[in-house]
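>>> This is a predicted model, with the sequence first.
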Amino acid sequence: MTIRKAAYDDIPRIMEICSEARSIMRSDGNMSQWTGGYPSEDVIWNDINNAVGYVIEDDRIDGYFAFIPGIERTYLKIEAGHWLDDGAPYCTIHRLASTRNSHGIARACFDWCRQQCGSLRIDTHEDNRIMRHCIEEFGFVYCGVIYLASGSPRLAYQLIEKRDGSQQSA
């Protein structure tokens, strides 16, 4: 699998992937995440414009994610827990999506992101069992609950790569 920056020409395929990911969520009982057409074409366009949108390809594009360095405003307040290294620099993974028949997309994304940044944060909806499984299986540590700008709660996780290559736990 190859990971590269997304291009504007990729937007139609990215939107197909996001639509299919939304369908996967619904079929697994997650009815509350990615509603109202989220992520919209404007959101993806902004990711690409800000150079934070990435695609995962094998023979064709099978996955998409945003990889955002710096402070995530919705992560400034966390409840029922704490970040592993509150205040240290980190990167955030958002909008990870794949097709129904693609395999290894989350792992490829997480591996690539871990090579770029030693401290990763990610969040997901409580009902997103598939994503929670991928996040936890990779070694992210549950840290607490954050709230989106809309007020919707999300389960927040962090992965810190120690200097010796091992991962920090809670």
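Sure, I can see it. Residues are numbered from 1 along each chain as shown.
>>> buried stuff in stretch 115-133?
117-125, 127-128, 130-132 (16 or more other CB atoms under 10 Å). Yep, even glycine has a C-beta here, placed from its N, CA and C like the rest.
>>> In CSV: these, plus secondary structure and pLDDT.
Formatted as CSV, these follow (DSSP: H, G, I helix; E, B strand; the rest coil; pLDDT from 0 to 100):
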residue, secondary structure, pLDDT
C117, coil, 96
G118, coil, 94
S119, strand, 97
L120, strand, 98
R121, strand, 98
I122, strand, 98
D123, strand, 98
T124, strand, 98
H125, coil, 97
D127, coil, 97
N128, coil, 97
I130, helix, 96
M131, helix, 98
R132, helix, 98
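>>> Which two of the residues you listed have the greatest separation?
Greatest spacing in those, by CB to CB: G118 and D127 (30.0 Å).
>>> Start and end of stretch 137-151, how far apart?
Stretch 137-151 has its terminal residues 27 Å apart, counting by CA to CA, to the nearest Å.
>>> Oops, could you answer that again for stretch 58-76 instead?
First-to-last residue span, stretch 58-76, CA to CA: 36 Å.
>>> for it, which positions count as buried?
I61, D62, G63, Y64, F65, A66, F67, I68, E72, T74, Y75.
>>> Which of these fall within strands?
I61, D62, G63, Y64, F65, A66, F67, I68 (DSSP state E).
>>> my guess is T99 meets I61, correct?
No: the criterion here is CB atoms under 8 Å, and T99 misses it with I61 at 9.0 Å.
>>> Please enumerate the shared neighbours of those two.
I17 (CB atoms under 8 Å, 6 or more residues apart in numbering).
>>> What are the boundaries of the strands in the chain?
Applying DSSP E to the chain gives strands spanning 2-5, 53-57, 61-69, 91-98, 119-124, 141-147, 153-160.
>>> And the ones you listed: which comes nearest D28?
Of all the strands of the chain, strand 119-124 comes closest under CB to CB, at 12.3 Å.
>>> Can I get that closest one in PDB, CA atoms only?
The C-alpha trace of strand 119-124 is given here as PDB (Å, rounded to 0.1, in the frame of the first residue of the first chain):
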ATOM      1  CA  SER A 119       2.500  11.300  19.600                       C
ATOM      2  CA  LEU A 120      -0.800  10.600  17.900                       C
ATOM      3  CA  ARG A 121      -4.300  11.400  19.000                       C
ATOM      4  CA  ILE A 122      -7.600  10.100  17.600                       C
ATOM      5  CA  ASP A 123     -11.200  10.100  18.600                       C
ATOM      6  CA  THR A 124     -14.300   8.200  17.500                       C
END
